[in-house]
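Peer 1: output the structure for:
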Amino acid sequence: QVQLVESGGGLVQTGGSLRLSCAASGRTFSGYAMGWFRQAPGKEREFVAAISWSRPSTLYADSVKGRFTISRDNARNTVWLQMNSLKPEDTAVYYCAAGGYVVRTTTLYDYWGQGTQVTVSS
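Peer 2: Modelled structure (predicted):
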């Protein structure tokens, strides 16, 4: 088992920035690709960004490309999501997840955190 705990969410104005963190514990973090997803009220959970374990390759949703940056530190078992130029439509609960592949598909991730709320005011 891998336990994932997100932090860093909050309320920010349009154009502001937030940095989300996801700390992993339990079974080794080693080898897992990590992803960030989000879910707004009344909507399905959607892919935001993902990063591979080594020689980091990244994948982003078109809606956040150029504004969000995913990164990780394997020695610290932590992955981050730096979010800049935030928009009201970025408002959602943000989840981190661990899985075997850098993909957009929620069902291919094995472990999930509880989520952290991000609210962007207009």
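
Peer 1: poorly predicted segments of this structure, please.
Peer 2: By pLDDT under 70, the weakly predicted segments of the chain are 28.

Peer 1: in it, which residue is closest to the centre?
Peer 2: Nearest residue to the geometric centre of the chain (CA atoms, centre = their mean): residue 36, 2.3 Å.

Peer 1: please name the bridge partners of it.
Peer 2: residue 49, residue 96 (DSSP bridges).

Peer 1: let's see stretch 11-20 as PDB, backbone CA atoms only.
Peer 2: The C-alpha trace of stretch 11-20 is given here as PDB (Å, rounded to 0.1, in the frame of the first residue of the first chain):
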ATOM      1  CA  LEU A  11      -8.500  30.200  -1.800                       C
ATOM      2  CA  VAL A  12      -6.700  32.400  -4.300                       C
ATOM      3  CA  GLN A  13      -7.700  35.200  -6.600                       C
ATOM      4  CA  THR A  14      -7.700  34.900 -10.400                       C
ATOM      5  CA  GLY A  15      -4.200  35.100 -11.700                       C
ATOM      6  CA  GLY A  16      -2.700  33.900  -8.500                       C
ATOM      7  CA  SER A  17      -0.600  30.900  -7.700                       C
ATOM      8  CA  LEU A  18      -0.600  27.800  -5.500                       C
ATOM      9  CA  ARG A  19       1.700  25.000  -5.000                       C
ATOM     10  CA  LEU A  20       0.200  21.600  -4.100                       C
END
